[in-house]
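Chemist: okay, sequence plus prediction incoming.
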Amino acid sequence: MTIPALDHATTRYSLPHAYWMGRAAGLASLDRDGIEAQANAWGFDRVRYFESTHKMPFPIEDTQAYVMASDRMIVTGFRGTEVAKIRDWLTDVDTPPVPGPGNKGFVHYGFHQALQSVYPQILDTIAEFRDQGQSIWFTGHSLGAALAMLAGTRLYFEQPRLLADGVYTFGQPRTCERLLAAAHNKAFADRCYRFVNNNDIVPHLPPEPAYTHVDALRYFDAAGQLHQTMPLIAALQDRAKGVGADLFAPETDAIRDHHLSNYIAAFEKNLITTS
């Protein structure tokens, strides 16, 4: 199998680019040296790493992110978190949401605080690195997916009101309520892509109706095939297939499907099919 190289000149959606944004989301889980080494290997000559430790009434211990830049592209990636660490506080709806970017709607308090701990530095770094009008991308998995979506939203609805070329998220939890989601969907039409792998549990948290999802969904079915749309009945039937597969696995299907490595494997399967 030959995966197309990362195209630094792209400004639009493609399956190979989505794959590379998934790889970039995984990059955020490495340490500073690992991020810099891999970013350099991908053709990014400038890299900056961010980490912030939190002191707040949520079990989010820290936020880790990076910005990498080439002469054509700037990518900001946010680290995800394990399901075991994310599940409890994602289901906690006792803490009131806070006003969203540009005072549009509301967002989950924990996501807001986690992003705020690194966002000012990220904003300054993007401004510093963007010296040739490079395209701008945000990516993340799990918790990192929520932060990527919010960072792109803040960049546009707050100063400098800069619309990112793309926001790609993988296993994103519900992040905001309907007013902010509607504003985001209008601004980021054909720019935001939210990938969900079959029975991944995290996109079902926190519970509705307090929180909802932004567009646009891209769904991997139980066989790993990517769909742009999935009718409700078909989706329920497909999820049942996923639950029924490999019942004796050490992890439940809902947790196994959340691993970023399984998203990457599904992308590779689809790239083989379309090549």
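Modeler: Sure, I can see it.
Chemist: partners of the host helix or strand of Val67 in the sheet?
Modeler: Following DSSP states H and E, one finds Val67 within strand 62-69. The strands beside strand 62-69 in its sheet (DSSP bridges) come out as strand 46-53 (antiparallel), strand 73-78 (antiparallel).
Chemist: C-alpha coordinates for it, PDB please?
Modeler: C-alpha atoms of strand 62-69 as PDB (Å, rounded to 0.1, in the frame of the first residue of the first chain):
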ATOM      1  CA  ASP A  62      -3.100  18.900  31.800                       C
ATOM      2  CA  THR A  63      -3.300  20.100  28.300                       C
ATOM      3  CA  GLN A  64      -0.700  19.200  25.700                       C
ATOM      4  CA  ALA A  65      -0.600  20.800  22.200                       C
ATOM      5  CA  TYR A  66       1.800  21.800  19.500                       C
ATOM      6  CA  VAL A  67       2.000  24.100  16.400                       C
ATOM      7  CA  MET A  68       4.100  23.100  13.400                       C
ATOM      8  CA  ALA A  69       4.700  25.200  10.400                       C
END
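Chemist: where along the stretch 151-275 of the chain do the helices fall?
Modeler: Secondary structure of the stretch 151-275 of the chain by DSSP state H, counting those that start in this stretch: the helices cover 178-187, 232-244, 253-256, 260-274.
Chemist: least confident of those, on average?
Modeler: With a mean of 51, helix 232-244 has the lowest mean pLDDT of the helices of the stretch 151-275 of the chain.
Chemist: just give me the neighbour total for Leu271.
Modeler: 18 (other Cβ atoms under 10 Å). The way it works is simple: take the backbone N, C-alpha and C, and place the C-beta from them, glycine included.
Chemist: show me what contacts it?
Modeler: Applying Cβ atoms under 8 Å, 6 or more residues apart in numbering, we find Leu271 in contact with 1, 3-4, 15-16, 19.
Chemist: now restrict the residues you listed to buried residues only.
Modeler: Burial by neighbour count, 16 or more other Cβ atoms under 10 Å: within the contacts of Leu271 this picks out 16, 19.
Chemist: before we move on, back to that, hmm, who's touching the strand holding Val67?
Modeler: So strand 62-69 is contacted by 24, 27-29, 35, 39, 42, 44-54, 74-79, 114-115, 117-118, 122, 125-126, 129-130, 134, 144, 147 (Cβ under 8 Å, 6+ apart).
Chemist: please work out the average pLDDT along it.
Modeler: On average, strand 62-69 scores 94.
Chemist: stretch 139-149 too?
Modeler: 96.
Chemist: let's see it as CSV, backbone CA atoms only.
Modeler: Listed next in CSV are the C-alpha coordinates belonging to stretch 139-149 (Å, rounded to 0.1, in the frame of the first residue of the first chain):
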residue,chain,number,x,y,z
THR,A,139,-6.7,18.6,14.6
GLY,A,140,-7.2,16.4,17.7
HIS,A,141,-8.5,13.1,19.0
SER,A,142,-10.9,12.6,22.0
LEU,A,143,-10.4,15.5,24.4
GLY,A,144,-8.0,16.9,21.8
ALA,A,145,-10.8,16.9,19.2
ALA,A,146,-13.0,19.1,21.4
LEU,A,147,-10.1,21.5,21.9
ALA,A,148,-9.3,21.6,18.2
MET,A,149,-12.9,22.5,17.3
